[in-house]
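>>> Dropping the sequence and predicted coords here.
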Amino acid sequence: MMARQVTTEDRLHSAESAAELLSVRPSTIRWWWTIGKLPRVKIGRLTRVRESELLALIKPDQPKPVEAKA
């Protein structure tokens with residue numbers, strides 16, 4: 001059986017490590033989970049967040065280019 005390789009986007013973070021990455025408090029991460037701003041993954045009694053979800057929060061929205069009208 002081959003071990004599955006974990007990509008950066010697949011990594012799971014606790015509230016504490018997610019807060020450190022985003023420079024916020026762990027309570028902020030937990031609040032975002034509560035209000036649905038940040039999706040969570042439940043593993044038994046543990047709650048985690050995917051790194052891809054954290055990266056999506058900090059990526060600026062890319063505006064679509066506007067075509068010039070002739």
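Yep, that arrived. Source: prediction; values computed, not measured.
>>> Give me the contact list for the host helix or strand of Val49.
Secondary structure from DSSP states H and E places Val49 in strand 46-50. With contact meaning C-beta atoms under 8 Å, 6 or more residues apart in numbering, strand 46-50 is reached by 9-15, 18, 29, 33, 38-42. Backbone N, C-alpha and C define where each C-beta goes, glycine included.
>>> buried set for the host helix or strand of Ala18?
Assigned by DSSP H and E, Ala18 belongs to helix 15-22. For helix 15-22, the neighbour count (16 or more other C-beta atoms under 10 Å) marks 15, 17-19, 22 as buried.
>>> can you dump the C-alpha coordinates of it into CSV?
Below are the C-alpha coordinates for helix 15-22, written out as CSV (Å, rounded to 0.1, in the frame of the first residue of the first chain):
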residue,chain,number,x,y,z
ALA,A,15,-7.3,27.0,15.5
GLU,A,16,-4.0,27.9,17.1
SER,A,17,-1.8,27.2,14.1
ALA,A,18,-4.4,28.8,11.7
ALA,A,19,-4.4,31.9,13.9
GLU,A,20,-0.6,32.1,13.8
LEU,A,21,-0.6,31.9,10.0
LEU,A,22,-3.2,34.7,9.7
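>>> For that helix, what is the distance to the chain centroid?
10 Å (C-alpha atoms, centre = their mean, to the nearest Å).
>>> Any buried residues in the helix or strand that that helix is followed by, and which?
Later in the chain than helix 15-22, the nearest helix or strand by DSSP H and E is helix 26-35. Residues of helix 26-35 classed as buried by neighbour count (16+ other C-beta under 10 Å): 28-29, 32-33.
>>> so Asp10 touches Glu51, yeah?
Yes - in this structure, Asp10 is within contact of Glu51 by C-beta atoms under 8 Å, at 7.4 Å.
>>> more neighbours, the two?
Glu51 (19 against 11; other C-beta atoms under 10 Å).
>>> Got phi/psi on the residue nearest to that one when sequence neighbours are not counted?
Spatial nearest neighbour of Glu51, chain neighbours left out: Arg11 (4.3 Å); criterion: C-beta to C-beta, 6 or more residues apart in numbering. Main-chain torsions, Arg11, degrees, to the nearest 10: phi -60, psi 140.
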